[in-house]
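Asker: A structural model of the following input is requested.
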Amino acid sequence: MSNSIKLAILGLGTVGTGVINLINDNLNELKRRSGRDIIITEVGTRRHRDDIDPNIMQNRDLMATAASDNVDIVVEVIGGTTLAKDVIMHAIKNGKHVVTANKALLAEHGNEIFAFAEEHNVHVAYEAAVAGGIPIIKVMREALAANKIDWLAGIINGTGNFIMTEMRDKGRPFADVLSEAQELGYAEADPTFDVEGIDAAHKLALLASIAFGIPLQFDKVYCEGITGITLQDVNYAEELGYRIKHLGFAVRRDGQGNDEASGIELRVHPTLIPQDALLANVNGVKNAVLVNSHPLGQTLYCGDGAGAGATASAVMADVMDLVRVLGSKDSNDESNSNQNNHGHHVPHLAFIPEQLSDTPILRAEQMITGYYLRVHAYDSPGVLADITRILSDAGINIDAILQKPAHKVGQVPVIILTLPVVESQMNLAIEKIEKLETITDKVVRIRLDELA
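Answerer: Predicted coordinates:
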């Protein structure tokens, strides 16, 4: 058995540099846990770095590094979905195990990448792609392997959580908090992926595939951002005993009860949740994933979802797993070295590839949630009766009604909370409400979930 495992780090940004620092800081601990020396032999970088150990080869040709005979494991932290994909596929083709933090790449091309890795009998590990330092991938692939997962809900974008926390706690408007998030480095100069929910949707696609044993289907995730959330709605939600969080949901529906269809809901959107719910008090840039499974029940996983230390920790957890795989391979007979080894590692999406199911992903109009509705109406007799009649005719049960003082002369906001209903029914009801002559503006709707 070789005494050392050789790494290539592709990308020397925040995460890549964090991985190098972690290895240098914890070198002895890593060897004690793995029984091997873990050394960085090459780094792929666009420009020469004087702060890198001179014994480490610096190479602008990432494809050459990915295929180097002096590399066992390729760590991809360059980001994006074009060059990163080419490099990973090239590394796999050359028999290298891969560790990546690239959720966008896996969400959009993971089916192809994982199949190619299976074909070449190598592993692609991706703990760092979802929720940073929280080991949610390992938990769902391994610790919950004996459980049937019914649903999961997660705060899986720290930027969005920071914005919603500041709006609630300090009464600050969305644009003001977003600007601070950019100054602090929580949000990019172009924050679209964070505030429109795309980043969370990438992560949810990965979590849902592991939870339910389905192929990755990012294109079927319903995605809604937080740019339309106002302080008015944040305050009304608080008054009613709820908080607004930007959540990702993956829910298995069995077509019973109020369900109109069987399948899986994949949705990212602002959500009212009870103030005493487990996710309600996960604030700032923290991430958290709540998993409901049988027989275990609800379990919560919470921690730092981004940053050099958290992401580097997740990357190195994957590296350590692959070190053990390589050690096991070294000890096998040569006759076994080229066999597909499902029995020796956890499948990429937790279920062996041949057992992935074709369970349908439900369309947006088939989703089932409760609703928060804010309706602005003229302050005249019969308005509330008209609204409640429309909801009742649509089969929608009201849970609470709150009428607030007029914001404009002669106009009042009415807040309505409903019990869970199929979205198509709510769409029809809102359309009818907005046609009432007494309604002065579009109905504001935010989904509501009790997380029970």
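
Asker: in three-state terms, label residue 71 for me.
Answerer: Under the three-state scheme (DSSP: H, G, I helix; E, B strand; the rest coil), residue 71 adopts coil.

Asker: how about residue 187?
Answerer: coil.

Asker: tally of neighbours for the closest residue to it other than its chain neighbours?
Answerer: Distances taken as C-beta to C-beta, 6 or more residues apart in numbering place residue 181 nearest to residue 187, at 4.1 Å, with adjacent residues excluded. C-beta here means a position set from N, CA and C on the backbone, and glycine is covered the same way. With neighbours defined by other C-beta atoms under 10 Å, the count for residue 181 comes to 22.

Asker: swap in the one 10 residues further on?
Answerer: When neighbours are counted by other C-beta under 10 Å, residue 191 registers 20.

Asker: phi first, then psi, for the spatially closest residue to it that is not a sequence neighbour.
Answerer: Spatial nearest neighbour of residue 191, chain neighbours left out: residue 178 (6.2 Å); criterion: C-beta to C-beta, 6+ apart. Phi and psi for residue 178, reported as degrees, to the nearest 10, are phi -60, psi -40.

Asker: alpha carbons only: can I get the lengthiest helix in the chain in CSV?
Answerer: Ordering each helix of the chain by length in residues (DSSP state H) puts helix 308-331 first. The C-alpha coordinates for helix 308-331 follow below in CSV (Å, rounded to 0.1, in the frame of the first residue of the first chain):
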residue,chain,number,x,y,z
ALA,A,308,-13.8,28.8,3.7
GLY,A,309,-13.7,26.8,6.9
ALA,A,310,-17.2,25.2,6.6
THR,A,311,-16.8,24.3,2.9
ALA,A,312,-13.2,23.1,3.3
SER,A,313,-14.3,20.8,6.2
ALA,A,314,-16.9,19.2,3.9
VAL,A,315,-14.4,18.8,1.0
MET,A,316,-11.9,17.1,3.3
ALA,A,317,-14.5,14.8,4.8
ASP,A,318,-15.1,13.5,1.2
VAL,A,319,-11.3,13.3,0.7
MET,A,320,-11.0,11.2,3.8
ASP,A,321,-13.8,8.8,2.6
LEU,A,322,-12.0,8.4,-0.8
VAL,A,323,-8.7,7.8,1.0
ARG,A,324,-10.3,4.8,2.6
VAL,A,325,-11.7,3.6,-0.7
LEU,A,326,-8.3,3.8,-2.2
GLY,A,327,-6.8,1.9,0.7
SER,A,328,-9.5,-0.8,0.2
LYS,A,329,-8.7,-1.0,-3.5
ASP,A,330,-5.0,-1.4,-2.8
SER,A,331,-5.7,-4.3,-0.6
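
Asker: now it: mean pLDDT?
Answerer: Mean per-residue pLDDT for helix 308-331: 87.

Asker: which helices and strands sit right next to the helix or strand following it?
Answerer: Counting by DSSP states H and E, the next helix or strand C-terminal to helix 308-331 is strand 368-378. Applying 3 or more C-beta pairs under 8 Å, 6 or more residues apart in numbering; DSSP states H and E, one finds that strand 368-378 contacts helix 231-239, strand 262-274, helix 383-393, strand 411-422, helix 423-434, strand 444-448.

Asker: 10 Å instead?
Answerer: If you count contacts as 3 or more C-beta pairs under 10 Å, 6 or more residues apart in numbering; DSSP states H and E, strand 368-378 packs onto helix 231-239, strand 242-254, strand 262-274, helix 383-393, strand 398-403, strand 411-422, helix 423-434, strand 444-448.

Asker: many thanks, I have nothing further to ask.
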